[in-house]
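# Sharing a model that was predicted from the sequence below.
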Amino acid sequence: MSQAPPPGGGETPAHPDLASEQAYLDHVLVSLEESRRRALELRKMVEVGRGGTEQARFERDAITESIATRLKELDVGDATLCFGRIDFAEHDDGEFEVYSGERFYIGRISVSDAEQNPLVIDWRAPVAAAFYRATGLHPMGLAQRRYFISRANRLVGIEDERFGSDLASLGVAGPSQALLAALEAPRAGRLGDIVGTIQVEQDEIIRAPLSGVLVVQGGPGTGKTVVALHRAAYLLYTHRFPLEGQGVLVVGPNRLFLGYIELVLPSLGEAGVELAILADLVDGVRIRGGDKPLTATTKGDLRMVEVLEAAVADRERPLREDLVVGLGVRFLRFTVEDSRRLIADTRRRFGRHNAGRRFLEARFFEALTDSSSAELEVADVRAQLRDTIEVREALEWMWPVLTPAHLLHDLFGSKALLRSAGRGLLSRAEADSLHRPRSTHADDVVFTAPDGPLLDEAFAILGPKPGRKDRDDVRTYGHIVVDEAQDLSPMALRLLGRRSLSGSMTIVGDIAQSTGAWPHDDWDEVLTHLHHRREPRTIELTVGYRTPGPIAALAARVLTEAAPQLTAPAAVRVDGDEPRFERTSTEDLTATVVRVAREEQVVVAPGHVAIIAPNSMVERLAEAMTSAGMSFGIANRNGLEQPLTLVPVSEVKGLELDATVVVEPAAMVEEEPQGMRSLYVAVTRATRRLSIVSARPLPAPLQP
């Protein structure tokens, strides 16, 4: 490979093509701006002349939307537009013969000149695959691959890889300088794209077929999250129809995580992907906070499907005594046995509870009418009796119209109902763990995160209320990306399965980071709860890009105890600072954390530093940092907007920072449901430096 400026600076001879390539990129930028100008002019032309026929208005709106979409695609901001070039060999008689002698610039979006000659090829186009996948052993028809090292759109270095040389044919080339420069750049508090430095094993995942379930297992720093987001962008580009209409959904573990990743897809030209947490997928209720371990574990268990079915069945009840109502001088009767037969008949006819209410009402008034020897009309009986208190109470007793919120509110507010629905399914302790005080009304309830899948299951059992114009089923998507999927309960996975239109999903996570109430030991456990029409595919990312070698070595020791069945990723960056250990006393713990955090800020400026603490210590540390006059944010309130952020260990998963200060590891191990796995997460967040501050003895894997 030819030389390029090292990431940290230093004098290196300029590449002979640097000036000519910069001139080409400048031409591309001028052409991009011209494309934006033409699109803006088209939009102004469409906006002229309102009104007209409905067909004309429809066409105008469609054109306007198309232009707006194109304008979004053409707006790359300060992001690097073009990041490399591929030159195909002059004579290739294989599958790449069609490209023989061709040269393509690969970039963030496609750009053409005024004559529609392509200047830059979109990174997702089929021909661009060679830029990411070509190796010395499999050059894919290339004679040369060129990497651009840029700051925004100013070219500062060029790195060439020529195929056919002895080194390339052996396939032993190391990481490119472009990759190392990207890895060592300061973090900005938001996840950035890797479109210019996608590696071979990552590209295989991004371009994998749309159909079926793809599982991506990846340790810390392997890029699994950003790869999954690039896959969403690639699938939308490649399968614009039908995915644009069907929708693409990305599900993350919490709002901090969504805020961290929210800029990746727009930077790739895809602003139409929906980002959500599980709670966002349940309509009509407020969901906030969590539950105690036993409660969360119970709510996530598949037995809750039968519990909810039993709870609904408990609300489909025969009358306790015969109903006798007066109608003029007559008395009409509906017996307990009548009610028992009617309920059984309604159950046979209707799979969803609320759909049976109208049928039951109709048969109820028919039975009342038939109970009289006089000639009565059912419509008259119904009109005269339906609003009487006795009839309304009887109907509500036999077959009430229920919403998911009302069902759960009533069920969880009564130990008797819980024990009845859980009989033979839940232990006494499990049933009692679900109980909580009743609110005045179900609409006042703030449900917890583990309630979300139960509310969704309840809707599947109940169906919509009669007469509602709401859609009869939940919103579905053509493709779903699920990140940190290793923590999802069976009930949560069941919820996601309902959102999948065709079973096309990308499931991303790391079994070693399974730290929630439902830890999984392998992906087969997860896949058991997802309905898949095709055999799922599993791909493992084995190379760690984020974590420097010395930190990766320490993390590997923690992994041995946290998940001994897994192998730690191989670190690309062998060098780096050794982890720093600060021992202190209990009394001086917070002061030591403040001091170390300040020192780390100086070292990694302008990068980001996170103090990762046990949940129980967050408020105490916040008070100490405030007293010390430090400017900082708290992750679950401010995201990563501040250069210094205090992050509870329960919410740090998926984030990456330049430096991290891990506080009191022993407390993390004690407090978290999967303590050693939570510690593994904590020590693998840093891209440059790791400090560990402790007053208590360190867990065994961290000891010298």
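In hand now; what should we look at?

# Would you agree Val662 falls within a helix?
No. Looking at Val662 with DSSP: H, G, I helix; E, B strand; the rest coil, it is strand, so not inside a helix.

# which residues does it contact?
Val662 makes contact with 612, 668, 679, 682-683, 690-693 under the criterion Cβ atoms under 8 Å, 6 or more residues apart in numbering. C-beta coordinates here come from the backbone N, C-alpha and C atoms, glycine included.

# same thing with His532?
Counted by Cβ under 8 Å, 6+ apart, His532 has contacts 212-213, 503.

# Then Gln246?
Taking Cβ under 8 Å, 6+ apart, one finds 476-479, 501 in contact with Gln246.

# For the residues you listed, which two are the farthest from each other?
Thr476 and His479 (10.6 Å; Cβ to Cβ).

# Compare those two (neighbour count), which wins?
His479 (25 against 14; other Cβ atoms under 10 Å).

# backbone phi and psi for that one, please?
phi -150, psi 140 (degrees, to the nearest 10).

# Is it bridged to anything, and to what?
For His479, the beta-bridge partners are Val248 (DSSP bridges).

# Surely it and Arg499 touch.
No. With contact defined as Cβ atoms under 8 Å, His479 does not count as touching Arg499 (10.5 Å).

# in the stretch 351-500 of the chain, which spans are strands?
Secondary structure of the stretch 351-500 of the chain, counting by DSSP state E, counting those that start in this stretch: strands at 446-447, 479-482.

# Put together a markdown table for those strands, with distance to Gly101 on each row.
Shown next, in a markdown table, are the strands of the stretch 351-500 of the chain (distance: least, Cβ to Cβ, whole Å):
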| stretch | distance to Gly101 |
| --- | --- |
| strand 446-447 | 63 |
| strand 479-482 | 37 |
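
# Ok, which of the ones you listed comes nearest Ala19?
That would be strand 479-482 among the strands of the stretch 351-500 of the chain, by Cβ to Cβ, at 41.6 Å.

# So for the closest one, mean pLDDT?
Average pLDDT, strand 479-482: 98.

# ditto for stretch 295-307
In this model, stretch 295-307 carries a mean pLDDT of 98.

# please begin residue numbering at 186 from this point
From this message on, residue numbering opens at 186, which makes the last subject stretch 480-492.

# Would you indicate which residues of it are buried?
Within stretch 480-492, the residues that count as buried by 16 or more other Cβ atoms under 10 Å are 480-486, 488-490, 492.

# any idea which of the residues you listed is closest to Lys409?
Nearest member of the buried residues of stretch 480-492 to Lys409, counting by Cβ to Cβ, is Gly485, at 23.2 Å.

# So that closest one sits against Ser674, correct?
Yes. If you go by Cβ under 8 Å, Gly485 and Ser674 touch, sitting 2.6 Å apart.

# So for those two, which residues contact both of them?
With Cβ under 8 Å, 6+ apart, Gly485 and Ser674 have common neighbours 635, 638, 702-703.

# so which two of the residues you listed are the farthest from each other?
Once Cβ to Cβ is applied, those give Pro638 and Ala702 as the farthest pair, at 12.3 Å.

# what is in contact with His664 and Arg684 at once?
Joint contacts of His664 and Arg684 (Cβ under 8 Å, 6+ apart) are Leu434.

# Out of the contacts of Val847, which is nearest to Leu774?
Closest approach between the contacts of Val847 and Leu774, by Cβ to Cβ: Val878, at 7.0 Å.

# Now the closest one: phi and psi?
phi -110, psi 130.

# which secondary structure element contains the residue nearest to it when sequence neighbours are not counted?
Closest residue to Val878 apart from its sequence neighbours, by Cβ to Cβ, 6 or more residues apart in numbering: Glu767 at 4.6 Å. Glu767 belongs to strand 765-768 when assigned by DSSP states H and E.

# Okay then, goodbye and thanks.
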